[in-house]
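Visitor: Pasting the sequence and the predicted coordinates here, then a few questions.
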Amino acid sequence: MSTLLVDNIGELVTNGIGADSLGIRRKAAVLVEEGQVAWVGPSAYAPVADRRIDVGGAAVLPGFVDSHAHLVFAGDRAAEFAARMAGEPYTGGGIRTTVGATRAATDGELRANVRRLCGEALRQGTTTMEIKSGYGLSVADEARSLRIAAESSSETTFLGAHVVPAEYADRPDDYVGLVCGPMLAAAAPHAKWIDVFCERGAFDIDHARAILACGQAVGLGVRLHANQLGPGPGVQLGVELGAASVDHCTHLSDADVDALAGTAHSDGFGTRTVATLLPGADFSTRSPYPDARRLLDAGVTVALATDCNPGSSYTSSMPFCIALAVREMRMTPAEAVWAATAGGARALRRDDVGVLTPGARADLVVLDAPSYLHLAYRPGVPLIRQVIRNGVPQ
Ligand SMILES: [Zn+2]
């Protein structure tokens with residue numbers, strides 16, 4: 001078997017045990033074997049390998065884990081974005097525009113779009129990406145969306161409860177019955193997770209609870225869109241159901257924060273339900289940003305993700321989200337980088353990604369910079385020099 005040594009790393013973010021939360025090592029090297037991290041230590045003691053990459057003192061960090069993205073769609077909504085920037089409010093209603101385009105697309109067109117966006121994200125350092133359905137909203141279109149998503153990621157999420165499609169507009173109970181019945185049955189073989197857009201204008205608390213319970217009953221993990229557009233019961237529903245993550249969390253009450261903090265692991269290893277913050281959506285809808293500081297100070301585990309979708313956040317860039325989180329959400333650069341790597345892994349209940357410790361998947365990002373700090377300090381600059389995924393230089 002062949003080995004690869006990534007050597008001469010000026011600053012290595014491991015997210016492992018260390019003096020600081022990022023587990024930083026200096027003048028370090030990483031040995032990769034069979035797609036996994038086999039050894040981490042000082043360059044001076046690095047073992048001999050079949051192949052060596054000298055990064056010349058650059059910073060290296062784990063590949064980003066983007067735990068929230070909607071990639072299976074057709075068309076774009078640039079005109080809607082422009083109208084919003086000209087003053088129209090965001091209501092979520094534009095989702096139906098994308099549903100029409102998605103239903104009309106061929107499998108090949110949807111597949112090409114997913115691959116394009118995964119490639120775009122990879123070039124920006126994302127090595128693990130969750131992909132949701134939610135623009136099909138019929139039994140056949142949700143099933144094919146997940147089948148296509150599963151070709152590019154093992155982290156697939158059934159979001160049949162994204163919005164009520166137009167043909168069910170006056171009978172939402174019937175649509176919930178469809179989601180819990182034949183749609184879930186067709187989607188579940190291709191999905192790991194179930195998600196609901198629990199928001200005014202989408203699905204209320206009773207519908208959300210019913211749909212998520214049906215998903216749990218067939219073995220899907222729970223995550224949900226909650227408290228994005230206003231205060232609501234979504235976050236507490238997520239806690240009640242043991243969700244891996246509640247996503248958005250822009251409008252939280254003290255009781256919401258307390259409920260999340262109450263899911264803390266007894267070993268002090270963060271919270272069982274992660275708060276995933278999506279600053280790209282707040283940016284693109286010109287909405288208030290969530291207060292990450294308040295969550296972090298309460299001990300809640302925070303993840304950052306892109307929410308990449310054609311309506312409310314058409315970015316695949318985790319570095320952009322890190323910069324926003326630091327500038328707008330009162331996170332330190334270290335907290336933001338952790339949230340975009342280890343935090344995303346926690347939100348997906350994964351311990352093999354988002355860290356660079358022996359046994360982890362060898363997903364490494366080499367920066368064109370001496371420190372991870374530059375991800376926030378130099379916003380908008382293409383700092384990703386090289387990406388290694390599964391031990392393979394991309
Ligand atoms: Zn979303």
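Guide: Yep, that arrived. Given the structure is predicted, the values throughout are model-derived calculations rather than measurements.
Visitor: For T156, grab the count of nearby residues.
Guide: 25 (other C-beta atoms under 10 Å). (C-beta placed from N, C-alpha, C; glycine too.)
Visitor: before we move on, what about D254?
Guide: As a burial measure, D254 scores 9 neighbours (other C-beta under 10 Å).
Visitor: Contact partners for it?
Guide: With contact set as C-beta atoms under 8 Å, 6 or more residues apart in numbering, D254 has no partners.
Visitor: what does the one 5 residues further on give?
Guide: Shown in contact with A259 (C-beta under 8 Å, 6+ apart): 235-236, 239.
Visitor: Once you drop chain neighbours, what's closest to R294?
Guide: Spatially, and ignoring its direct neighbours in sequence, R294 is nearest to V257 (6.2 Å; C-beta to C-beta, 6 or more residues apart in numbering).
Visitor: wait, isn't that neighbour in contact with L296?
Guide: No. With contact defined as C-beta atoms under 8 Å, V257 does not count as touching L296 (10.5 Å).
Visitor: quick one: contacts of stretch 146-153?
Guide: With C-beta under 8 Å, 6+ apart as the criterion, stretch 146-153 contacts 71-72, 107, 110-111, 114-115, 118, 128-133, 156, 158, 187, 190-191.
Visitor: Quick check: buried residues in that stretch?
Guide: Across stretch 146-153, burial judged by 16 or more other C-beta atoms under 10 Å covers 146-150, 152-153.
Visitor: Please apply the same query to stretch 34-45.
Guide: Of the residues in stretch 34-45, those buried (16+ other C-beta under 10 Å) are 36-41, 43.
Visitor: Kindly report the same for stretch 188-195.
Guide: Those would be 188, 190-195, for stretch 188-195 by 16+ other C-beta under 10 Å.
Visitor: circling back to that earlier point, farthest-separated two in the buried residues of stretch 146-153?
Guide: Farthest pair in the buried residues of stretch 146-153 (C-beta to C-beta) is R147 and S153. Separation: 12.1 Å.
Visitor: in this structure, which segments are predicted with low confidence?
Guide: 18-19, 91-93 (pLDDT under 70).
Visitor: thinking again about what came up before, can you tell me which of the contacts of A259 are in helices?
Guide: 235-236, 239 (DSSP state H).
Visitor: For the residues you listed, which single residue is the most surrounded?
Guide: V235 (28 neighbours).
Visitor: Setting aside sequence neighbours, what's the nearest residue to that one?
Guide: That would be D256: by C-beta to C-beta, 6+ apart, it lies 4.3 Å from V235.
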